[in-house]
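Visitor: Pasted the sequence and its predicted model underneath.
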Amino acid sequence: MPKITVGRDEEDKQKYGLEGTGKIGKHLVGENEEAHTANTVYFDIARPHVMGVFGKRGTGKSYSLGTIAEEIQTSSVAQNCSTVIIDSMGIYWSMKHPNDRAASMLEGWDEKPEAFDVNVYIPEGKVQSFEQNEMPYDDTFTVNPGELTASEWAMALNIDINSETGILLDRIISELSDRSGVDYNLDHIIKGTHKFEFDEHIKKNLENRLRNAKDWGIFGEESSLGKFTERGELSVIDVSVFGEMSSGWSIRSLVVGLLAKRILRQRMEARRVEELEEMEGISENEMPIVWMMIDEAHQFLPAKGETPATHPLLRWVKIGREPGVSLVLATQQPAKLHPNALSQCDIVLSHRLTAKQDIDALGEIMQTYMRHDIQHYIDALPDRTGTGLILDDNSERIFPIQMRPRKSWHAGGTPDAFTD
Ligand SMILES: Nc1ncnc2c1ncn2[C@@H]1O[C@H](COP(=O)(O)OP(=O)(O)OP(=O)(O)O)[C@@H](O)[C@H]1O
């Protein structure tokens, strides 16, 4: 049977065949309940991509993110990749367990339930909360306050950078970074509020906000974000603990923004060395290609407004190909995702969507080569869990597919009120 590989150009298909690909699902042939599974659909893992994973509530986005991560981990290029999942719901720790309940389903795919070697990281200051609630984790992370710009602080603290409070903040950060580079902590910033001539209530306002930021539990003397880019590793950054806080999404965005900046910088430096080595005939990855997967992506990279993750993620989207970073953005509402990210997706996996603005947003991505209205493709999908459409910019084709079942346990399942 001819192989379907999305996200890979003809040259790589000829040269590498299925090496460095993952099995994402099976092609669905026929419409609605008549549809049956045919050829396996593979996706390219070896090159950088921007991938969109869409679908309304409960259609399988988080499940599919897990499947994609599993495929990266088991691919022939796994040792040259590093995967980071930003886990806003606290559900990916369960990948450590095999998906025994899907054993018979997996048999039909020549697969078996499998546990994955996942490292779950939580904010250092939230250890107590995780332990009290018996939530599993492996290690902690911190970020260095000195790596944040004044405007990132302003976004995270919900301050208008042009307001009096914003101006005070800007002065403090400029003074500290002129004096100490990135080597200063949150207490230094708090002390700085008293160093400048501003109204007392402005100073107090900023001081209170900064003191609240201490409770976020993410700041340390040094950033430990570098440890997420180890070869062959699957890291889960559990930021679910900020769920109840009013500034929860700003804090998560701050972590993602800093991480995205750091990884891009590291990869750009590594790429320079790799290029020099390539010139000398040495072909070795200095640092793995990084795949970052983000659920609820519209919260980090919204169509309207800005978060501390907006610029760093847009840089990944715009220039990530050259240094070698891949982004997987999952959202219920593609219309709410930043249009620059949406238009740069070269692979889209879309489960069922119903809201008109979301269907229109999807339709706009690859409208040039669609034979039918996107609605037609969605309507033709069988009403089964795990079905969706793959839009492939490389081959300029659309494939209805059935996603493959998870090998590892999915903790995000829909609960029910039945007693059996
Ligand atoms: N390919 C699949 N095969 C079998 N079951 C699946 C598949 N995809 C999803 N499911 C099941 O469908 C349910 C919903 O999936 P999931 O939690 O991924 O939805 P979601 O789109 O992320 O939802 P939300 O937007 O509410 O977070 C889960 O119970 C999951 O086990």
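Guide: Yep, that arrived.
Visitor: buried sites along the helix or strand containing residue 27?
Guide: For residue 27, the element it lies in under DSSP states H and E is strand 21-29. By neighbour count on 16 or more other CB atoms under 10 Å, the buried set for strand 21-29 is 21, 22, 23, 24, 25, 26, 27, 28. All C-beta spots, glycine's among them, are computed from the backbone N, C-alpha and C.
Visitor: swap in stretch 81-101?
Guide: Buried residues in stretch 81-101, counted by 16+ other CB under 10 Å: 81-88, 90-99.
Visitor: do stretch 159-173 as well
Guide: By neighbour count on 16+ other CB under 10 Å, the buried set for stretch 159-173 is 159, 161, 164, 165, 166, 167, 168, 169, 170, 171, 172, 173.
Visitor: Contacts (any at all) between the ligand and the strand holding residue 27?
Guide: No. For strand 21-29, no contact with the ligand is found by CB under 6 Å from any ligand atom; the gap never falls below 7.6 Å.
Visitor: got the residues of the stretch 1-150 of the chain near the ligand?
Guide: 55, 57, 58, 59, 60, 61, 62, 63.
Visitor: okay but residue 229 is in contact with residue 264, surely?
Guide: No. Contact between residue 229 and residue 264 fails when scored by CB atoms under 8 Å: they sit 10.9 Å apart.
Visitor: Next SSE downstream of the strand holding residue 27?
Guide: Taking DSSP H and E, what comes next after strand 21-29 is strand 36-44.
Visitor: who does that following strand pair up with?
Guide: strand 4-6 (parallel), strand 21-29 (antiparallel) (DSSP bridges).
Visitor: ok, residues contacting the shortest one?
Guide: Pointing back at strand 4-6 there. For strand 4-6, the surrounding residues in contact (CB atoms under 8 Å, 6 or more residues apart in numbering) are 13, 18, 21, 24, 27, 39-44, 347, 390, 392, 394-395, 399.
Visitor: Quick check, the residue in this structure closest to the ligand?
Guide: Here the chain gets closest to the ligand at one residue, residue 386, 2.4 Å apart by CB to the nearest ligand atom.
Visitor: need the contact list for that residue.
Guide: For residue 386, the contacting residues are 25, 60, 63, 64, 351, 402, 403, 405, by CB under 8 Å, 6+ apart.
Visitor: Neighbours of residue 212, how many?
Guide: 12 (other CB atoms under 10 Å).
Visitor: just to revisit the earlier point, of the contacts of residue 386, closest to residue 366?
Guide: Proximity to residue 366 was ranked across the contacts of residue 386 by CB to CB; first place goes to residue 351, at 16.6 Å.
Visitor: and the closest one, what pLDDT?
Guide: Looking at residue 351, its pLDDT stands at 96.
Visitor: Any idea how many residues pack against it?
Guide: Other residues close to residue 351 by other CB under 10 Å number 24.
Visitor: likewise residue 379?
Guide: With other CB under 10 Å as criterion, residue 379 counts 12.
Visitor: what do you get for residue 188?
Guide: As a burial measure, residue 188 scores 16 neighbours (other CB under 10 Å).
Visitor: could we number from 38 for the rest of this?
Guide: From this message on, residue numbering opens at 38, which makes the last subject residue 225.
Visitor: what about it, distance to residue 182?
Guide: Separation of residue 225 from residue 182 (CB to CB, to the nearest Å) stands at 8 Å.
Visitor: sorry, back to before: from the contacts of strand 41-43, list the buried ones, please.
Guide: 50, 55, 58, 61, 64, 77-81, 384, 427, 429, 431-432, 436.
Visitor: Name the nearest of those residues relative to residue 314.
Guide: Taking CB to CB as the measure, residue 81 is the one of the buried ones among the contacts of strand 41-43 closest to residue 314, at 23.2 Å.
Visitor: With that, I have no additional questions.
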